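Q: Predicted coordinates and the sequence they were generated for:
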Amino acid sequence: MACIGQLMVVIDGLIVTVALPAIRSDMELSATTQGWVVNGYLLSFGGLLLAASRAADRLGHRRVFAAGVAVFTLASLCGGLAPDGGMLLAARVAQGVGAAAIAPTSLSLLTTTFTGTARPRALSAWSATSAVAGAGGLVIGGVITAELGWRWVFLANVPVGIVLIALTAAVPASIVETRPTAYPWRTVLRRSIIVANVSMTVLGAAMTAALYCLSLFLQNVQGRSPLATGSALLPMSLVLALGSVISPRLLVRWGPNAVMTVGTITAMAGAVALVMSMNGDHGVAILAGATLVWACGTGVLTMPLVSLATSGVPPAAAGLASGVMSVARQIGGVVGVVAVVALGVVPAAG
């Protein structure tokens, strides 16, 4: 249930990224407004994460999770039926509100349910879900946009949301509810958690900027269709998922410091190569190689950061810890998109 919620949130962001050129053309959006189709979602998402996390700790994780899914589903319906850019942006902001409730509660449901040796496996599955969502979302987004039109990238969320609400209602409240009487902020102000969240901010900026740039580069510069773009990015998403899956084994063998160091260096090397390949006359093989190197480092790095950002946190603060981590990642995502738009990293169609 928790992973399905995370799957829905991540897939939506990626599907919309692939559909951006079609949305801009159909609604005659400016480049700035096109960027806000992404940033409107990210800002409301990031801005309400802590409030949603606190509500989850006080009212119950399952209740807030279900409410978030309901809001997200209704906003998706409005986005798919939007008659103009203003309505679409409003729907995206509303989707961010729903996602703000889904993301931290999907993680806190796991951290309060699984302990001991089961916890790393649960966190690995949650981390891998994002990458698996990327693998499916990019291709599904390309297929839907090419065959059904961009509006269905929103409407497709509706039946998934309805099913998820039904599944949530079927779970006994006693399994997933934690009712704290205190709100211990000091538990998430430890040095290790602060370092993990700062690193997650940087990672969020890099991941969002890379996906945004690659999607627009492949369509606007190389002239690929949405379907071809999704297919081209599929190997990258699969490598991200693989990295998240093997991270627990690497942690046992090497330790967290070594895994995060290697992951960071690999991701940075891939990012530099990726920027160079998009701003020069390089072949497809070089671009693909740079993308896979970046994905390998990022995939390995994600799960240790999630674990570090939530380790040692009592159930009473599980929602808070998850919310702080999600805020860090979303702030990074906004900064990443703003940076690439402001710097003109991806040229428009010629």
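A: That came through fine.
Q: mind listing the helices for the stretch 201-350 of the chain?
A: 226-254, 256-278, 284-310, 318-343 (DSSP state H, counting those that start in this stretch).
Q: and the last one, what other elements does it pack with?
A: For helix 318-343, the packing partners by 3 or more Cβ pairs under 8 Å, 6 or more residues apart in numbering; DSSP states H and E come out as helix 31-47, helix 49-59, helix 61-80, helix 85-111, helix 191-216, helix 284-310. Heads up, the C-betas are built off the backbone N, CA and C, glycines and all.
Q: tell me the most buried of those helices?
A: Among these, helix 85-111 has the highest mean neighbour count (mean count of other Cβ atoms under 10 Å), at a mean of 25.
Q: average pLDDT across that one?
A: For helix 85-111, the mean per-residue pLDDT is 85.
Q: before we move on, back to that, export the helices and strands packed on helix 318-343 to JSON lines and tack on distance to P248?
A: Formatted as JSON lines, the helices and strands packed on helix 318-343 follow (distance: least, Cβ to Cβ, whole Å):
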{"stretch": "helix 31-47", "distance to P248": "27"}
{"stretch": "helix 49-59", "distance to P248": "25"}
{"stretch": "helix 61-80", "distance to P248": "24"}
{"stretch": "helix 85-111", "distance to P248": "14"}
{"stretch": "helix 191-216", "distance to P248": "16"}
{"stretch": "helix 284-310", "distance to P248": "7"}
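Q: Ok, which of these comes nearest I144?
A: helix 61-80 (10.9 Å; Cβ to Cβ).
Q: Off-centre distance for that closest one?
A: Centre-to-centre, helix 61-80 and its host chain are 16 Å apart (Cα atoms, centre = their mean, to the nearest Å).
Q: Show me what that helix is packed against.
A: Right, helix 61-80 is packed against helix 2-27, helix 49-59, helix 85-111, helix 152-155, helix 157-170, helix 173-176, helix 318-343 by 3+ Cβ pairs under 8 Å, 6+ apart.
Q: what's the least confident helix or strand in this structure, going by average pLDDT?
A: Sorted by mean pLDDT, DSSP states H and E, the helices and strands of the chain end with helix 173-176, the least confident at a mean of 49.
Q: re the thing from before, and of the helices and strands packed on helix 318-343, who's closest to T168?
A: helix 61-80 (4.5 Å).
Q: then that closest one to CSV, C-alphas only?
A: Provided in CSV are the C-alpha atoms of helix 61-80 (Å, rounded to 0.1, in the frame of the first residue of the first chain):
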residue,chain,number,x,y,z
HIS,A,61,-0.6,8.0,9.3
ARG,A,62,-3.3,5.9,7.6
ARG,A,63,-5.9,8.7,7.8
VAL,A,64,-3.6,11.4,6.3
PHE,A,65,-2.4,8.9,3.7
ALA,A,66,-5.9,8.2,2.5
ALA,A,67,-6.8,11.9,2.5
GLY,A,68,-3.8,12.7,0.4
VAL,A,69,-4.7,10.0,-2.1
ALA,A,70,-8.2,11.4,-2.4
VAL,A,71,-7.0,15.0,-3.0
PHE,A,72,-4.4,13.8,-5.5
THR,A,73,-7.0,11.8,-7.4
LEU,A,74,-9.5,14.6,-7.6
ALA,A,75,-6.8,17.1,-8.7
SER,A,76,-5.7,14.6,-11.4
LEU,A,77,-9.2,14.6,-12.7
CYS,A,78,-9.3,18.4,-12.8
GLY,A,79,-5.9,18.5,-14.6
GLY,A,80,-7.0,16.1,-17.3
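Q: Point out where the stretch 51-200 of the chain drops to low pLDDT.
A: Along the stretch 51-200 of the chain, segments meeting pLDDT under 70 span 108, 111-128, 130-136, 138, 171-188.
Q: rerun that using 90 as the cut-off
A: Residues of the stretch 51-200 of the chain meeting the criterion pLDDT under 90: 51-66, 83-86, 99-150, 153, 156-157, 160-161, 163-200.
Q: got the phi/psi numbers for G223?
A: phi 70, psi 30 (degrees, to the nearest 10).
Q: Quick check: chain neighbours aside, which residue is closest to S76?
A: Spatially, and ignoring its direct neighbours in sequence, S76 is nearest to N157 (3.7 Å; Cβ to Cβ, 6 or more residues apart in numbering).
Q: So what's the residue count around that neighbour?
A: 27 (other Cβ atoms under 10 Å).
Q: quick one: contacts for it?
A: Neighbouring residues of N157 by Cβ atoms under 8 Å, 6 or more residues apart in numbering: M8, D12, F72, T73, S76.
Q: sorry, back to before: could the helices of the stretch 201-350 of the chain go into CSV alongside distance to T32?
A: CSV is the format used below for the helices of the stretch 201-350 of the chain (distance: least, Cβ to Cβ, whole Å):
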stretch, distance to T32
helix 226-254, 22
helix 256-278, 21
helix 284-310, 27
helix 318-343, 7
